[in-house]
Structure formats: structure tokens, C-alpha cells
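J.: got a structure for you, letters missing:
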Ligand SMILES: [Zn+2]
């Protein structure tokens with residue numbers, strides 16, 4: 001029994017397409033090698049398609065998330081500019097209007113600002 005032909009790789013890399021095909025017609029081993037290469041390459045194509053489809057889906061989701069974030073931020077900004085009222089903004093941000101004490105000023109027992117003389 002002959003040893004397995006090992007020319008396939010060499011011909012595939014360095015020979016012309018015609019030379020490779022000529023050898024494939026003569027050589028059973030290399031034909032089998034060629035077939036398995038075709039299988040691998042079609043498998044790779046399949047994986048590639050699956051990968052790109054998945055990536056495309058992810059991009060769509062990312063874009064949707066960006067659009068939502070953009071909408072939320074513009075809504076907050078526009079609301080802030082349109083209603084340029086500190087008390088209203090405090091209420092929106094902190095749930096209540098901030099007192100002088102909460103703002104860090106010195107206050108007396110009535111919550112009124114204390115002013116040094
Ligand atoms: Zn061969």
C-alpha cells in the first residue's frame with residue numbers, strides 16, 4: 001500500500017489552480033483532502049453568517065438603547081431649561097424644596113438664616 005500523498009498543502013499554497021486540479025484528478029488522497037477543506041470552508045461560512053447575524057442584532061439593540069437614553073436626557077434637559085425654576089428643579093431632584101439648612105447655611109430654631117452682626 002502506498003503512503004498517503006502529502007503534496008496537497010504544498011500545491012494548494014504554491015502551485016497554480018490548474019496544476020492543483022490536474023494533481024487532484026490523479027491523486028485520491030488529495031481529492032479527499034480537498035473535499036474536507038471544502039467542508040471546513042463551508043462550515044466557516046455558516047459560522048460567519050451566524051456571527052454577523054448575532055452582531056447585527058446586538059447593534060440594533062445598542063442603537064435602540066442609545067435612542068432611549070438620548071430621549072430621556074433631552075426630556076430632562078428641555079424640562080430643566082423650559083422651567084428654569086430652582087424650587088421646581090429641587091423638587092424634581094430631591095423630592096422636596098431644599099431649606100436653607102439643607103443648603104448648608106447657618107439657621108436658627110425657626111429655620112431662618114442666621115446672619116452674623
Ligand atoms: Zn496527492
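T.: Arrived safely, thanks for sending. Treat the numbers as computed from the prediction; the structure is a model and nothing was measured.

J.: what about the residue nearest to residue 11 when sequence neighbours are not counted, which helix or strand?
T.: Nearest residue to residue 11, sequence neighbours excluded (Cβ to Cβ, 6 or more residues apart in numbering): residue 20, at 4.7 Å. All C-beta atoms are positioned from the backbone trio N, CA, C, and that covers glycine. Using DSSP states H and E, residue 20 maps to helix 17-26.

J.: For the residue nearest to residue 11, the count of nearby residues, please.
T.: 18 (other Cβ atoms under 10 Å).

J.: Looking only at residue counts, what's the top helix in the chain?
T.: Longest helix in the chain by number of residues (criterion: DSSP state H): helix 28-82.

J.: That helix near the ion anywhere?
T.: Yes: using Cβ under 5 Å from the ion, helix 28-82 reaches the ion at residue 30.

J.: Over to stretch 13-23?
T.: No: Stretch 13-23 stays clear of the ion (Cβ under 5 Å from the ion), getting no nearer than 5.5 Å.

J.: what residues does that stretch touch?
T.: Residues outside stretch 13-23 that contact it (Cβ atoms under 8 Å, 6 or more residues apart in numbering): 7-8, 11-12, 30.

J.: Good, we can wrap up now.
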